[in-house]
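Q: when you get a sec, could you give me coordinates for this:
(one chain, ligands or ions: 4)
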Amino acid sequence: QAKAAGRNTVSFFDPAMQARVNARAALEVDLRRALGNGEFVLHYQPLMCVNGTMAGAEALVRWSHPQRGMVPPADFIPVAEESNLILPLGRWVMREACQRLAAWAGDARTAGLEMAVNVSASQFHRPDFVEHVLETLAQTGARADRLRLELTESLLLKDVGGTVEKMQRLRAAGVSFALDDFGTGYSSLSYLHRLPLDQLKIDRSFIWGAAKEDSGAAIVRIIVSLGKALNMSVLAEGVETQAQLDFVIAEGCQYYQGYLFSKPLPEPELLALIANL
Ligand code: C2E
Ligand code: MG
Ligand code: MG
Ligand code: MG
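A: Numbering: from 1, shown residues only. Ligands and ions are numbered 1, 2, ... in the order given. This is a model prediction of the structure:
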């Protein structure tokens with residue numbers, strides 16, 4: 001009897017799929033524990049002007065896992081998003097980034113830097129998102145006009161009217177906005193001009209393609225002219241070689257980030273790098 005039931009059960013489930021479901025559930029439990037345990041850290045990647053000065057840094061979250069070591073965001077952000085753990089995680093990231101930004105104001109070498117923070121869709125679309133950001137700025141003493149929020153195309157498309165309204169409220173306080181991974185999403189040119197964006201970040205796939213293929217180069221060119229027409233600055237992501245940097249400068253990008261200048265670094269290493277510039 002039991003054996004037969006067992007056999008029936010097995011026939012309904014794909015063991016590989018079951019293993020994935022179990023792994024995902026275990027990851028969610030582990031993430032929840034990690035949040036309580038303070039296991040997340042921010043690394044910072046320099047955002048460079050093409051003239052060689054540093055304009056700011058992008059805060060990128062990592063999970064400092066007791067067994068697994070440094071876990072990259074691609075391995076846990078998707079699960080955090082599905083499970084709503086992205087809300088407490090996103091709030092932690094915002095607070096930590098604003099605290100560092102406020103501390104940077106006290107040193108002439110870092111006082112002018114901007115801090116870019118990635119915001120996920122479910123975080124942005126929460127009704128209290130604007131209040132939470134303004135509250136975090138006030139509590140940490142960070143300057144709003146040094147904070148830049150990175151949004152993605154799919155996030156912006158969800159409810160353009162409501163999105164513009166939220167962006168305008170934050171903008172009134174001085175916060176600026178970048179469109180992350182531009183070119184990989186579903187942007188429609190018909191609404192791009194309605195969004196109060198300050199910067200387009202060209203996805204690194206186009207930068208890597210640009211050196212090899214004409215189509216990548218054409219896309220970089222189009223995004224640069226779009227930025228000019230819409231009065232937004234343009235940043236090239238994922239610049240790894242001098243040839244790529246030469247190319248994006250020739251095409252008129254004003255900013256870049258990538259391993260050529262620096263990988264994302266723990267804050268002490270970022271500050272050491274700045275001190276040696
Ligand atoms: P992103 O916002 O587009 O961040 C840039 C990613 O490109 C980072 O990966 C960075 O390390 C990587 N990168 C920068 N320059 C180069 C380069 O020259 N070569 C290569 N191969 N990679 C480069 P990372 O840190 O693994 O983050 C991946 C993504 O995870 C981010 O993409 C962002 O979408 C998400 N993410 C990271 N931190 C947060 C966060 O605090 N909140 C949210 N919601 N998402 C985050
Ligand atoms: Mg980003
Ligand atoms: Mg990006
Ligand atoms: Mg990207």
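
Q: and the stretch 151-277 of the chain, which of its residues are near ligand 2?
A: For the stretch 151-277 of the chain, the contact set with ligand 2 under CB under 5 Å from the ion comprises residue 180. All C-beta spots, glycine's among them, are computed from the backbone N, C-alpha and C.

Q: which ones are touching the residue of the stretch 151-277 of the chain found nearest ligand 2?
A: Relative to ligand 2, the nearest point of the stretch 151-277 of the chain is residue 180 (4.3 Å; CB to the ion). By CB atoms under 8 Å, 6 or more residues apart in numbering, the residues touching residue 180 are 118, 150, 151, 152, 201.

Q: does residue 57 belong to a helix, a strand or coil?
A: Per DSSP: H, G, I helix; E, B strand; the rest coil, the secondary structure class of residue 57 is strand.

Q: quick one, phi/psi of residue 194?
A: The phi/psi pair for residue 194 (degrees, to the nearest 10) reads phi -80, psi -20.

Q: for the nearest residue to it once chain neighbours are set aside, give me the pLDDT.
A: For residue 194, ignoring the flanking residues on the chain, the nearest one in space by CB to CB, 6 or more residues apart in numbering is residue 164 at 6.1 Å. On pLDDT, residue 164 comes in at 96.

Q: give the burial count for residue 164, as a bare number.
A: When counting by other CB atoms under 10 Å, one arrives at 16 neighbours for residue 164.

Q: over to residue 29?
A: Neighbours of residue 29 (other CB under 10 Å): 11.

Q: just residue 130 next, same as before
A: 19.

Q: which element is it on?
A: helix 129-140 (DSSP states H and E).

Q: pick out the lowest-pLDDT one from the contacts of residue 180.
A: Among the contacts of residue 180, residue 152 has the lowest pLDDT, at 92.

Q: which residue comes closest to that residue once chain neighbours are left out?
A: In space, residue 152 is closest to residue 180, 5.3 Å off (CB to CB, 6+ apart).

Q: on that earlier part again, for the residue of the stretch 151-277 of the chain closest to ligand 2, give me the pLDDT.
A: Residue 180 is assigned 95 on the pLDDT scale.

Q: the one 3 residues further on too?
A: Turning to residue 183, the model gives it a pLDDT of 87.

Q: and residue 97, by the same measure?
A: So residue 97 comes in at 98 (pLDDT).

Q: what of residue 213?
A: We note a pLDDT of 69 for residue 213 in this prediction.

Q: in strands, which of the contacts of residue 180 fall?
A: Under the assignment DSSP state E, these contribute 118, 150, 151, 201 to strands.

Q: secondary structure class for the residue nearest to residue 152?
A: The three-state label for residue 180, taken from three-state DSSP, comes out as strand.

Q: quick check, residue 42 in contact with residue 98.
A: No. When contacts are counted by CB atoms under 8 Å, residue 42 is not listed as touching residue 98 (11.0 Å).

Q: looking at the two now, which is surrounded by more residues?
A: Each of residue 42 and residue 98 has its neighbours counted (other CB under 10 Å); residue 98 has more, 25 against 21.

Q: low-confidence ranges in this protein?
A: 1-13, 211-213 (pLDDT under 70).

Q: change it to 90
A: 1-23, 153-160, 183-193, 208-219, 277 (pLDDT under 90).

Q: ok, residue 230 - contacts?
A: By CB under 8 Å, 6+ apart, residue 230 lies in contact with 192, 193, 197.

Q: for those residues, which one is nearest residue 129?
A: residue 197 (16.8 Å; CB to CB).

Q: give the burial count for the residue nearest to residue 275 when sequence neighbours are not counted, as a bare number.
A: Leaving aside its chain neighbours, residue 275 sits nearest to residue 109 (6.7 Å; criterion: CB to CB, 6+ apart). Residue 109 has 12 neighbours, counted by other CB under 10 Å.

Q: the protein against ligand 1: which residues are in contact?
A: 45, 60-61, 72-74, 77, 90, 93, 118, 120, 150, 180-181, 238-240, 257-259, 264 (CB under 6 Å from any ligand atom).

Q: just the strands in this protein please.
A: 40-49, 54-65, 69-71, 114-118, 147-151, 176-182, 199-202, 233-236, 255-256, 265-266.
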